[in-house]
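quick one: sequence plus predicted model below, questions after.
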Amino acid sequence: MEIQVSATNQTASRDKLLTLHKVDKVFGRDVVALQNMSLDICEGDFISLLGPSGCGKSTALRLIAGLMQPTNGFIRWEDGRQGESLSVVFQEPTLMPWATVEKNVWLPMRLKGVSFAKVRDDIHEALELVGLAGFEHAYPRELSGGMKMRVSIARAMVTKPKLVLMDEPFAALDEITRFKLNNDLLQMKAKIDCTVVFVTHSVFESVFLSDRIVIMAARPGRVMQELQVDKPYPREEEFRTSNDYAAYCRAASQALKEAQEGPRQ
Amino acid sequence: MSDLAQDPAASFVDEEERASARRELRNRVGKWILPVLVFAVGILAWDWIIRINEIPHYILPGPGLVFQTLIQDRAILLDALMVTLQITLLALLVAVIGGAGLAILFNQSRLVEMSFYPYAVVLQVTPIVAIAPLIFIYVENKLVGLLICAWIVAFFPVLSNTTLGLKSADHNLRDLFSIYGASRWQRLLYLQLPSALPYFLGGLRIAGGLALIGSVVAEFVAGTGGIGSGLAFRILEAGYRLNIPRMFAGLILIAGTGVMIYAVLSLVSHLLLRKWHESAIKRES
């Protein structure tokens, strides 16, 4: 088995969806959150941004989401339009406590002016996909942390977006729930055929989920390396216990370590 | 002893459950019984002091006489109560519309907020007894004058609480609304107003009591009777005539009205929030 580690973008043969070109983000006068980040995101990619706190991975996600503008460089959508088919899952479930589960999932469509009756079936299908059939009329407070996160994912997936941005969505969950959600996430991604950019600080999670791991370093936040995980999907639970998985985890850990120590040499 | 040795876990749980049930019962009974007990003791002491010291009824009437007056003068007193209640509820309604409306306006325009919020504070911190005489000079209609006074006192808690509530929407949800391209109107309607609801209801409960206080104080200032004499006027009038029992009866009606307003608003608040807000949810512990 050969593990590819490269210093630059690995552009696959797939169609490009979005490009980050030499993006800097500076807060205030001199707090450099992100420095010179270039990344091509291609259709169908599952990209993990992996790094310690302060490496700018969440900043990168917010830039892609259009919540902030880069200080230098640019972000270009290949189809010219941004946001039309983009959705986000935050670290917290971020549900509206006053609305039932189905009304929460309705939100993206509601904001586009689509009536509930029109998309009721889509909403229930999305809830079924995340394993929450039967909880349509529950309020968020009645659900566990994992279930709330599932609602959040259903809300992100219900519009069948091209790009899903996930900002450490499972960081607050216990390991068992997290594994289960990892498996389910891969199935969902395959089903609605989207591209995912996934921010995490877990080496294991990034290896299990992604085909591209972008390794970042902190202060200033920047991209150090990219690592390919050439294990084809669907990835089942067995992958977690395989030698390949262990080897990739070792390589990613090593790369992460080098990324943090690199500048001091 | 042997039971305990056989199954310590079960007996422990049993003991725990029994203790918690006892606590629950004590709380529930205590919540109603204790205030009623204090009330009864207070009434008895009042009656006893009057009898022992032979205090004449034009100085301090006994509870029996006050109750009797309440029944006897009910025609006058209930009429007055209706007037006071009408002004209070109208003032509360205007306070809700005005307070929440201003809060939304302030929220939508920073410029308007910066320009006018200080004056809302000035209006709030100036005692209503000091403003009321002026109002009655310039406002001919007494009812309108009373309404303005009660409104000035009542609108501020609604305004300040709703303003705070509109600003306290979850920041991730705000980002989400931005990402999905929500309009300003959608953001207000689907995110900010529901987020502000618990705050608004808190302000409403305070405003209910203040509207009553405002209308009573204004009536004291307005003084003269004629059409629309409320409870405060009846109390003043009874005072001039040394009809002390009627003063007490009027006082009881005002206090009772305040409690009723608070209870109704609390119920409204509970009904609106019980499904989702932490404040209205009972947790098993």
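Everything's here; your move. Keep in mind it's a predicted model, so treat the numbers as computed, not measured. Numbers count the residues shown, from 1 in each chain, chains lettered A, B, ... in the order given.

spell out which parts of chain B neighbour chain A.
Counting by Cβ under 8 Å from any Cβ of the partner chain, chain B comes close to chain A at B:170, B:172-173, B:175-182, B:186, B:190-191, B:194, B:197, B:275-278, B:281. C-beta coordinates here come from the backbone N, C-alpha and C atoms, glycine included.

mind redoing it with 10 Å?
B:169-183, B:186-187, B:190-191, B:193-195, B:197-198, B:272-273, B:275-278, B:281 (Cβ under 10 Å from any Cβ of the partner chain).

from those residues, which land in helices?
B:171-179, B:186, B:193-195, B:197-198, B:272-273 (DSSP state H).

out of those residues, which end up buried?
For these, a burial check counting by 16 or more other Cβ atoms under 10 Å in any protein chain shown picks out B:172-177, B:179, B:186, B:193-195, B:197-198, B:272-273.

what residues does chain A put near chain B?
So chain A meets chain B at A:62, A:65-67, A:83-84, A:86-100, A:103, A:107-113, A:139-142, A:152, A:155-156, A:159, A:165, A:167 (Cβ under 10 Å from any Cβ).

kindly recompute the last result at 8 Å.
Proximity of chain A to chain B, by Cβ under 8 Å from any Cβ, involves residues A:62, A:65-67, A:83, A:86-88, A:90, A:92, A:94, A:96-99, A:107-108, A:110-112, A:139-141.

buried members of these into ChimeraX, please.
The buried residues among these can be selected in ChimeraX (16+ other Cβ under 10 Å) with this line:
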select /A:62,65,67,86,87,88,90,92,94,96,97,98,99,107,108,110,111,139,140
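
Three-state assignment for residue A:165, please.
strand (DSSP: H, G, I helix; E, B strand; the rest coil).

that one reaches residue A:63, doesn't it?
No: the criterion here is Cβ atoms under 8 Å, and residue A:165 misses it with residue A:63 at 10.2 Å.

now do residue A:263, the pLDDT please.
The model reports residue A:263 with a pLDDT of 49.

can you list the domains in chain B?
Domain assignment for chain B, taken from automatic domain parsing, gives B:2-53, B:63-280.

quick one: mean pLDDT for the shortest one?
Along domain B:2-53, the predicted confidence averages to a pLDDT of 80.

number of residues surrounding residue B:240?
Neighbour count of residue B:240, defined by other Cβ atoms under 10 Å in any protein chain shown: 7.

still on that earlier bit, among the residues of chain A next to chain B, which are located in helices?
A:62, A:65, A:107, A:108, A:110.

tell me the pLDDT of the last one.
pLDDT, residue A:110: 94.

give the contact list for it.
Residues in contact with residue A:110, defined by Cβ atoms under 8 Å, 6 or more residues apart in numbering or on different chains, are A:116, B:190.

for the nearest residue to residue A:212 once chain neighbours are set aside, give me its contacts.
The shortest distance from residue A:212 to any non-neighbouring residue, by Cβ to Cβ, 6 or more residues apart in numbering or on different chains, is to residue A:47 (4.7 Å). Residue A:47 is in contact with A:39, A:41, A:195, A:196, A:197, A:198, A:210, A:211, A:212, A:213, A:214, counting by Cβ under 8 Å, 6+ apart.

what's the first helix or strand after whichever strand or helix holds the first one?
Taking DSSP states H and E as the criterion, residue A:39 maps to strand A:31-42. Beyond strand A:31-42 on the C-terminal side, the first helix or strand identified by DSSP H and E is strand A:46-50.

name the helices or strands packed onto the longest helix along chain B?
In chain B, with assignment by DSSP H, the single longest helix is helix B:8-53. Helices and strands touching helix B:8-53, by 3 or more Cβ pairs under 8 Å, 6 or more residues apart in numbering or on different chains; DSSP states H and E, are helix B:63-72.

run the angle between the helix it packs on and helix B:8-53 for me.
90 degrees (axes from the mean of the first three to the mean of the last three Cα atoms, to 10 degrees).

restricting to C-alpha, output helix B:63-72 in CSV.
Only the C-alpha atoms of helix B:63-72 are listed here, as CSV (Å, rounded to 0.1, in the frame of the first residue of the first chain):
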residue,chain,number,x,y,z
PRO,B,63,-61.4,42.4,59.5
GLY,B,64,-65.1,41.5,60.0
LEU,B,65,-66.2,45.0,59.4
VAL,B,66,-63.9,45.4,56.4
PHE,B,67,-65.4,42.3,54.9
GLN,B,68,-68.9,43.5,55.7
THR,B,69,-68.2,46.9,54.0
LEU,B,70,-66.8,45.0,51.0
ILE,B,71,-70.2,43.3,50.6
GLN,B,72,-72.4,46.3,51.5
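
buried stuff in that helix?
Result for helix B:63-72 [16+ other Cβ under 10 Å]: buried residues B:65, B:66, B:67, B:69, B:70.

between those, which is nearest residue B:208?
residue B:70 (23.4 Å; Cβ to Cβ).

now that closest one: how far from residue B:259?
Distance, residue B:70 to residue B:259, using Cβ to Cβ, to the nearest Å: 16 Å.

also residue B:22?
On the measure of Cβ to Cβ, residue B:22 and residue B:259 end up 30 Å apart.

what of residue A:225?
Here residue A:225 is placed at a distance of 70 Å from residue B:259 (Cβ to Cβ).

how deep is the residue nearest to residue B:253 when sequence neighbours are not counted tucked in, by neighbour count?
In this structure, residue B:253 finds its nearest non-sequential neighbour in residue B:81, 5.3 Å apart by Cβ to Cβ, 6+ apart. For residue B:81, the count of nearby residues is 19 (other Cβ under 10 Å).

in what helix or strand does residue B:81 lie?
Using DSSP H and E, residue B:81 maps to helix B:74-108.

buried residues, that helix. List them.
B:76-77, B:80-81, B:83-92, B:94-96, B:98-100, B:102-104, B:106-107.

likewise stretch B:156-171?
Neighbour-count burial for stretch B:156-171 flags B:156, B:157, B:158, B:159, B:160, B:161, B:162, B:163, B:165, B:166, B:169, B:170 (criterion: 16+ other Cβ under 10 Å).
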